[in-house]
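Fold the following and give me the result.
(chains A, B, C and D)
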There are 2 protein chains.
Amino acid sequence: MQNSLKTIFPNFSNELIATIEENGSLQDFEAGTILMRTGQYIKNTALITKGKIKIYRQGEDGGEFLLYYLQPGQACAISMICTAKSEKSQIMAKVVEDVSVMMIPLQSMDKWMMEHRSWYEFVIETYRSRFEEVLEVVDNIAFRSMDERLEFYLKRHSDACGCSEVNLSHQEIATELNTSREVVSRLLKKMEQRGLVKLNRNQIELLK
Amino acid sequence: MQNSLKTIFPNFSNELIATIEENGSLQDFEAGTILMRTGQYIKNTALITKGKIKIYRQGEDGGEFLLYYLQPGQACAISMICTAKSEKSQIMAKVVEDVSVMMIPLQSMDKWMMEHRSWYEFVIETYRSRFEEVLEVVDNIAFRSMDERLEFYLKRHSDACGCSEVNLSHQEIATELNTSREVVSRLLKKMEQRGLVKLNRNQIELLK
DNA sequence: ATCCTTCTGTGATAAATGTTACTGTAGGAT
DNA sequence: ATCCTACAGTAACATTTATCACAGAAGGAT
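Residues are numbered from 1 along each chain as shown, chains lettered A, B, ... in the order given. Purely as a prediction, here's the structure:
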């Protein structure tokens, strides 16, 4: 166990790893679980050690706009930020591939900042990288049209799963881009005609 | 001077205030100055003590999408984040009302995190509030149409300047919303018909 | 096989936004 | 006053995106 945490978070000092194992609790969640809801109070920070999580921003009308993925070796920046103030969550987190997460209680998260240099650096780096990802999201919706956003979405999905097949229905994709199923179907068809993808039922193969 | 810093940043400890005055340098910039460009390396963190700054995200095509305002008592989260890694700026900062900023060198910024609890808390709170503001921006462009976004833009402007007049041309507003001048003119005209604003040359009066 | 549900494709149409083109007006510079 | 430039209004049209309507195909359940 000690070995695996060290493998997933190679920059953590040995003392930090030991402290985490002492204070954190490793929990498993199945794909589909909602780990966090908009408006919920946050009591923990989660370090992902296995699986994948998607982070969404929810609209009042029930839209679920995809912000980014969380993968092993990463942590939820929002939970860190909110934890520090025990604030409400501004986002929704959904498990998309069975995960194991190390739950770190609020107080430890804050305490370690002063005690463990490698924890401090990890937290700062988490803030930075998540901030940049959200800025990239802003770029996409502010400057690009739906066809480019769809291509970006598919690319990000394949990067996240490390494969070239996207096993999602058009409806699911549409929801995460906050558009309609028909628009996604049409744009995908055009991409197929351009030779960028091959369309199957519940699956999109990326060809380039 | 000590008095005024303490007034603007009331949560800073007296020791921290003293340290800032020792290590920082107070600089003035006129309205219109570009304080930071996309792609520039960041060497300082800036604490705003007077005036106003607007933070933009730039598109490849030269668009300048408004993210948020910075006001006295606030600091540039991005510069803090990037500073910590001496990374390139992902944003552009423009002075919109003559500012005084306290420039904090890279090393100090990092060092104080361990030495001054009130600095640590300020930095964390800065991350949190800027992150939330960017998420609100995402909400606007992901879930809302241009008329709602325009209303939000005007409201935010008047909140920032503390007055009910927006002294900007339609073109300037269009640029910051990444749309065209005609669209802004049309939507403003509709708002005028609905009794929400009164339109003058280079000025929009908010009525409600 | 038959039924049923979900997923996909596509046309028709509507609405929102972007573009082009032109007009008039306000205010500064001379 | 006259000229010039930036700003604002608006019509006409193009493009993009959203919505409605419907048809057919895939795959699971019985």
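
top helix in chain A by residue count?
If you go by DSSP state H, chain A has its longest helix at helix A:117-143.

Could you figure out how far the helix or strand that that one is followed by is turned away from helix A:117-143?
Using DSSP states H and E, the helix or strand that follows helix A:117-143 in sequence is helix A:146-161. Angle of helix A:146-161 versus helix A:117-143, following axes from the mean of the first three to the mean of the last three Cα atoms, to 10 degrees, is 160 degrees.

contact partners of the following helix or strand past helix A:146-161?
Of the helices and strands lying after helix A:146-161 in sequence (DSSP H and E), the nearest is strand A:165-166. Defining contact as Cβ atoms under 8 Å, 6 or more residues apart in numbering or on different chains, one finds that strand A:165-166 is touched by A:154, A:157-158, A:173, A:203-206. (Glycine included, C-beta is placed from N, CA and C.)

so how far is strand A:165-166 from its chain's centroid?
17 Å (Cα atoms, centre = their mean, to the nearest Å).

Please name the strands paired to it in the sheet, noting orientation.
Taking DSSP bridges as the criterion, strand A:165-166 sits next to strand A:203-206 (antiparallel) in its sheet.

Can you give the domain ranges for chain A?
Domains of chain A are assigned by automatic domain parsing as A:2-141, A:145-206.

residue contacts, the residue nearest in space to the middle of chain A?
Residue closest to the average C-alpha location in chain A (Cα atoms, centre = their mean): residue A:69, at 2.3 Å. Residues counted as contacts of residue A:69 (Cβ under 8 Å, 6+ apart) are A:52-55, A:156, A:160.

Let's verify it: helix, strand, or coil?
strand (DSSP: H, G, I helix; E, B strand; the rest coil).

distance of residue A:80 from residue B:48?
Distance of residue A:80 to residue B:48, given as Cβ to Cβ, to the nearest Å: 25 Å.

burial count for residue A:167?
12 (other Cβ atoms under 10 Å in any protein chain shown).

how about the nearest residue to it, chain neighbours excluded?
Using Cβ to Cβ, 6 or more residues apart in numbering or on different chains and skipping the chain neighbours, the partner closest in space to residue A:167 is residue A:203 (5.3 Å).

picking up where we left off before, what pairs with the residue nearest to the centre of chain A across the strands?
Residue A:69 forms beta bridges with residue A:54, as assigned by DSSP bridges.

what's the distance between it and residue A:52?
Computed as Cβ to Cβ, the residue A:69 to residue A:52 distance reads 6 Å.

intersection of neighbour lists for these two?
Here residue A:69 and residue A:52 share the contacting residues residue A:160, scored by Cβ under 8 Å, 6+ apart.

downstream neighbour of the helix or strand of chain A with the lowest mean pLDDT in the secondary structure list?
Of all helical and strand segments in chain A, the minimum by mean pLDDT, DSSP states H and E falls on helix A:77-85, at a mean of 70. Moving toward the C-terminus from helix A:77-85, the next helix or strand (DSSP H and E) is strand A:92-105.
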